[in-house]
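> output the structure for:
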Amino acid sequence: MADLKAWLMARLGEISQQSALAKAIRYTLGHWDGLCAFLTDGRIEVDSNTVEQQMRPVALGRRNSLFAGSEGGAETWAILASLIQTAKLNDLDPLTYLADVLQR
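Model (predicted):
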């Protein structure tokens with residue numbers, strides 16, 4: 001990783017600072033500590049697929065709410081979808097969770 005960082009810094013000095021590549025390299029270097037965290041903490045996975053798979057239903061539900069028929073319907077759908085996904089992410093049965101929340 002030290003060699004990669006040195007290589008990125010060298011490339012950054014060779015390319016236009018306005019380029020998309022320079023922007024990407026600066027972004028990577030700006031997040032370097034987080035990028036290297038898996039090297040010192042065995043609990044951290046190298047990739048984020050697990051997290052992305054957990055977030056996908058939330059984002060999909062939010063996007064689907066755009067087609068709810070009206071602004072009020074979309075807002076209601078977004079709230080309901082958020083409650084359902086929150087229950088799932090916390091290993092709760094969504095129906096039981098919603099019944100409890102709505103009863104309160």
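> how about the biggest helix by length in the chain: buried residues?
In the chain, with assignment by DSSP state H, the single longest helix is helix 71-89. The neighbour-count check on helix 71-89 (16 or more other C-beta atoms under 10 Å) flags 74, 77-78, 81, 84-85, 87 as buried. To be clear about C-beta, it is placed using only N, CA and C from the backbone, and glycine gets the same treatment.
> mind putting those residues into CSV with distance to Arg43 and pLDDT?
Formatted as CSV, these follow (distance: C-beta to C-beta, whole Å; pLDDT from 0 to 100):
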residue, distance to Arg43, pLDDT
Ala74, 38, 76
Trp77, 36, 79
Ala78, 33, 77
Ala81, 30, 80
Ile84, 28, 85
Gln85, 24, 81
Ala87, 25, 89
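> closest to Ala6 among these?
Gln85 (42.1 Å; C-beta to C-beta).
> ok, that closest one touching Leu60?
No: using C-beta atoms under 8 Å, Gln85 is not in contact with Leu60, being 9.5 Å away.
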